[in-house]
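> starting from these lines, generate the structure:
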Amino acid sequence: MRAVLGRGFLPVGLTFCLWAAVAEESGTKSAQGPARPKFAIYSEAADAELASSLLRVLRDKEEKVTRVARVDTVEAAAESNADVLILVMTQRETRKFEKQVLDALKERKIIGIGFGAAQLFGQLGLEISGGNCMHGIFQPTTIKIVKCALLGDAERADPVPVFAENPQETELNVSEIDFFAMFAPPRGKNAAAVDVIARWSKDMNYAPIVRQGNCILVGVPVPATLWSSAYSELMRNVCLRVQKQKLEPFATARRELTKAGTYKFTLAKRDSPDEPFSKTFFFRFSEPRKITARLEHSGSKAVMLLFMGEDENHAHWARKDARQEEALEIITEISREDIDAIGDRHWTVDVTNFDADSIAECKLTIAIEEP
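The predicted model follows:
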């Protein structure tokens, strides 16, 4: 799909002038000594335009440019004394970071833009990660700002256009840009752990701007030169609020662990914004175990049973689908090596109703035994 939108490329001279107003991390000093930057921005070379364009957003109430530092690596960002790190990482593949770098990032406030940032958050053990996101964009490209812990009540009820109302002449091929959003139904498995800031207006189950603890994930990786005034104001408010808020102790999502037994529940029709159409059961094992998940169900003609580990590789991923109300069963053996590899993350069994016309009445039986 194509939208007539200006690319908004910054001329080389303008880019230089913008960054000339930035205090480099290596140390531009005032008469009172080095100024502590409020933000440190990292980007890969391909994302330089996006990173530079953020300066038009990072302004205080007097419209003055906020103190910003430019860093060349994620490691340098982690070591920066800036209040907030802005990591512009739009590439889907992200290298594996060393434990000491990840530990340092756990003690920082971070705004991640792009799918690479989602992958990095996955390495931190957060739910706002690539594995919980869907690629693509909804048309029209408008978002719904929702009540959230970070910003409070939404200041406007009408949809907010992402792109400027008066686009430039050049075309932006949106299929070439890696838009993505977190799958975050209002009553889904991550509702208690993730603070949703904005949802796509076309499908409120998908959220392109989300927060977990000290970290913000943004799935709209386009330069600020293309943003509408309303979207720019939202992003500015998000950045400044994160900068002002107190650093929270790092924590991953807390889950209620599932015991062996039988569980009965009802799943709503697919994509319901009011009732859950998917249910997740969480497990942890300290010793090798054999787990059997058997699902019996009625009503729906499209039900999925899924088992996997929550690590980056989705260990022991297994999926079964039913089209005629047939029972589904997955049997998996978890070894000592599997337990060591997944660490403190969970194993999950997911049941999802993909039928848009019928609810699903479900009975899930979980057996856990020695292999």
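> can you list the domains in this protein?
With domains defined by automatic domain parsing, the chain comprises 12-244, 261-369.
> looking at those, which is closest to Arg254?
Using Cβ to Cβ as the measure, domain 12-244 is the one of the domains of the chain that comes nearest Arg254, at 7.6 Å. (Each C-beta comes from the backbone N, C-alpha and C, glycine too.)
> number of nearby residues for Leu105?
Applying other Cβ atoms under 10 Å, we find 23 residues neighbouring Leu105.
> any weak-confidence spans in the chain?
Applying pLDDT under 70 to the chain picks out residues 1-34, 60-65, 165-175.
> can you tell me which residue is spatially central in it?
Ile128 (3.5 Å; Cα atoms, centre = their mean).
> could you measure from that one over to Lys269?
Distance, Ile128 to Lys269, using Cβ to Cβ, to the nearest Å: 26 Å.
> so Asn313 sits in a helix?
No. Read with DSSP: H, G, I helix; E, B strand; the rest coil, Asn313 is coil and lies in no helix.
> before we move on, the earlier item: my read: the residue nearest to the centre of the chain touches Val210, true?
Yes. Ile128 is within contact range of Val210, at 5.1 Å (criterion: Cβ atoms under 8 Å).
> quickly list what's touching both of the two.
Met182, Val194, Leu217 (Cβ atoms under 8 Å, 6 or more residues apart in numbering).
> just these: which are in strands?
Of the positions in the shared contacts of Ile128 and Val210, Met182, Leu217 sit in strands, assigned by DSSP state E.
> among the shared contacts of Ile128 and Val210, who's most crowded?
Leu217 leads these on contacts (other Cβ under 10 Å) with 32 neighbours.
> grab the nearest non-local neighbour of that residue.
Using Cβ to Cβ, 6 or more residues apart in numbering and skipping the chain neighbours, the partner closest in space to Leu217 is Ile128 (4.4 Å).
> how near is that neighbour to Leu58?
Applying Cβ to Cβ to Ile128 and Leu58 gives a distance of 22 Å.
> highest mean neighbour count out of the domains of the chain?
Of all the domains of the chain, domain 12-244 carries the top mean neighbour count, a mean of 18, counting by mean count of other Cβ atoms under 10 Å.
> just give me how far it sits from the chain centre.
10 Å (Cα atoms, centre = their mean, to the nearest Å).
> for Ala253, find the nearest of the domains of the chain.
Closest approach to Ala253 among the domains of the chain (Cβ to Cβ): domain 12-244, 3.7 Å.
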